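**Q** Whatever this is, show me its structure:
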Amino acid sequence: MLKKAVIPFLLGAGLIASAPFAQAASNLVFCSEGSPAGFDPGQYTTGTDFDASAETVFNRLSQFERGGTAVIPGLATSWDVSPDGLSYTFHLREGVKFHTTPYFKPTRTFNADDVLFTFNRMINKDDPFRKAYPTEFPYFTDMAMDTNITKIEKVDDHTVKMTLGVVDAAFIQNLAMSFASIQSAEYAAQLLKEGKPEDINQKPIGTGPFVFKSYQKDSNIRFTGNKDYWKPEDVKVDNLIFAITTDASVRAQKLKKGECQITAYPRPADLKPLKDDPALKMPDQAGFNLGYIAYNVMPQIKGDSKPNPLSKLEVRQALDMAVDKKAIIDAVYQGAGQLAVNAMPPTQWSYDTTIKDAPYDVAKAKELLKKAGVADGTEITLWAMPVQRPYNPNAKLMAEMLQNDWKKIGINAKIVSYEWGEYIKRAKNGENGAMLIGWSGDNGDPDNWLGTLFGCDAINGNNFAKWCDKDGFDKLIHQAKETTDQSKRTELYKQAQHLLKDAVPMTPIAHSTVYQPMRKEVQDFKISPFGLNSFYGVSVSGK
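**A** Modelled structure (predicted):
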């Protein structure tokens, strides 16, 4: 067991104020890039939210191995699948303890009731807890799991059976994703009794490797190592602190000074000085990600009385072919990006190599706008992310370059931005015009790109383009999801990729290399292919 730190927490304005604190062997300080919107993983879709909740406080029935895409047992030790692929029987891990905190003291260990509560709340809008605390579960519904899971049964205290309406080839992978984190039914019942159901999103209780302690928005999140964790070898620090630092250059300086030991999403401009620092190390790997522009295709943008020019195919084609991708990749990614032509990375199985970009052509773009009846000087909004993500290290610069590109064809792009949680919330509500966004794969399955980002079921979730081709694209991806034959799935996904490319609801920009700067004393941190930051199994050696 690691020795308990004797240096007290410093509650300054979000900064970890002393290098000695940051270097204490049983403390790990992570310079994170933004404030989470909340701590209930089922409600959210971004890595910022998942890092602060699913990767710390919670577990899932199945889980991904650290640093990989293979599925391993989590709160379920094993599962059986019926011959028709429609029934899954989960055998639950026994003796797993939920967290004990000042606001909750469990009277029992994890059991089937917790699994039923977790999923019934997401499926059933009449669930008592959901009626008391109305919320949506965008990831769950984007993947149509709310309609496809037709029954959840408690066989006994440590066995749960789930029945599907149609085969879902990626069902076990989906259950390993952050949104499927298992909540405590007993804690939920306590919150209902107290009339505080919303606390499930502010004071989380899980079974994970870290116990939530406190949160100061735009400042810090504090966790303690879970001494009762069911996999004790994964808890190697006593205290985990997220030092929320939105400016990437400030994060880099804090890392160099020893005020944090790991930092998120460095700017390309900072890579060389970080690599040259003898106190640091910087592992990297090819990113399983995509940075892209989503075009809101609705006839009217929410909150705007004018017709939406982006609803016209010719306008989207014109904007797409006016983007100077090479210049953007050179300036924004600075050698750490690969030009993207498709809606998924080339390392994803079923990627169609025959798909090509429309050539960069300003004159042709102007012709298309004229054909669409779009006047010179027409204004659109271009949303720029306020945070650095693996798929876009500098959205502000990218937006400025796009603004310049589109001005050449007579389109005036007004750049707007919001705080990250608000940015996502407003976009899901349909308030965006053209929007800079991206994705890091979550489960290694093609549906996680095509269905989650462009399926009709995802219109109110991660489908920021609000594009829905029900009889073409959507039909193909549903057929692909309902077969377990990978060669057949590949053919269907390839057809879907062509339909998506032709409809231009998005412009793919780049796949980026992921760099993870950290101090040399950090041991056994694994870069996640899914763009998450996981600290279980990580330790900090002494000086």
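**Q** wait, isn't residue 318 in contact with residue 368?
**A** Yes. If you go by Cβ atoms under 8 Å, residue 318 and residue 368 touch, sitting 4.1 Å apart. All C-beta spots, glycine's among them, are computed from the backbone N, C-alpha and C.
**Q** So which of these two has more stuff around it?
**A** The residue with more neighbours, out of residue 318 and residue 368 and counting by other Cβ atoms under 10 Å, is residue 318; that gives 29 against 22.
**Q** Make sure that one is indeed in a helix.
**A** Yes. Inclusion of residue 318 in a helix is indicated when DSSP: H, G, I helix; E, B strand; the rest coil is applied.
**Q** who's in contact with it?
**A** Residues counted as contacts of residue 318 (Cβ atoms under 8 Å, 6 or more residues apart in numbering) are 364, 365, 366, 368, 369, 372, 374, 409, 411.
**Q** 6 Å - rerun?
**A** By Cβ atoms under 6 Å, 6 or more residues apart in numbering, residue 318 lies in contact with 365, 368, 369.
**Q** Walking through the stretch 351-500 of the chain, point out its strands one by one.
**A** Counting by DSSP state E, counting those that start in this stretch, residue ranges of the strands within the stretch 351-500 of the chain are 378-383, 411-416, 434-440.
**Q** brain fart, the stretch 51-200 of the chain
**A** All strands of the stretch 51-200 of the chain, identified by DSSP E, counting those that start in this stretch, fall at 62-64, 71-73, 76-81, 87-92, 149-156, 159-164.
**Q** just to revisit the earlier point, comparing the strands of the stretch 351-500 of the chain, which comes out most buried?
**A** Scoring the strands of the stretch 351-500 of the chain by mean neighbour count under mean count of other Cβ atoms under 10 Å gives strand 434-440 as the most buried, with a mean of 25.
**Q** Does residue 35 touch residue 218 like I think?
**A** Yes. Counting by Cβ atoms under 6 Å, residue 35 does reach residue 218; the two are 5.3 Å apart.
**Q** what touches both of these two?
**A** Listed as contacting both residue 35 and residue 218 by Cβ under 6 Å, 6+ apart are residue 244.
**Q** re earlier: redo the strands of the stretch 51-200 of the chain as CSV? Include distance to residue 39.
**A** Written out in CSV, the entries for those read as follows (distance: least, Cβ to Cβ, whole Å):
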stretch, distance to residue 39
strand 62-64, 19
strand 71-73, 24
strand 76-81, 23
strand 87-92, 23
strand 149-156, 24
strand 159-164, 24
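**Q** before we move on, back to that, between the strands of the stretch 351-500 of the chain, which gets nearest to residue 227?
**A** With Cβ to Cβ as the measure, strand 434-440 is the member of the strands of the stretch 351-500 of the chain nearest residue 227 (31.7 Å).
**Q** Show me what that closest one is in contact with.
**A** Taking Cβ under 6 Å, 6+ apart as the criterion, the residues outside strand 434-440 that touch it are 289-295, 380, 382-385, 389-392, 395, 427, 464, 530-531.
**Q** sorry, back to before: for the contacts of residue 318, which one is nearest residue 167?
**A** Minimum distance to residue 167 across these is 41.6 Å, recorded for residue 368 (Cβ to Cβ).
**Q** I'd assumed residue 317 was in contact with the closest one.
**A** Yes. Checked against Cβ under 6 Å, the pair residue 368 and residue 317 is within contact range at 5.4 Å.
**Q** out of residue 35 and residue 218, which sits in the more crowded spot?
**A** The residue with the greater number of neighbours, taking residue 35 and residue 218 and applying other Cβ under 10 Å, is residue 35; the counts read 24 against 12.
**Q** before we move on, what SS does the more buried one have?
**A** The local conformation at residue 35, judged by three-state DSSP, is coil.
**Q** For it, give me the pLDDT.
**A** Among the per-residue scores, residue 35 shows a pLDDT of 95.
**Q** sorry, back to before: narrow the contacts of residue 318 to those in helices?
**A** Among these, the members falling in helices are 365, 368, 369 (criterion: DSSP state H).
**Q** Now do the buried residues in stretch 116-135.
**A** Residues of stretch 116-135 classed as buried: 116-123, 127, 129-130, 133, 135 (neighbour count, 16 or more other Cβ atoms under 10 Å).
**Q** And stretch 96-106, by the same measure?
**A** Of the residues in stretch 96-106, those buried by neighbour count under the rule 16+ other Cβ under 10 Å are 96, 98, 99, 101, 104, 106.
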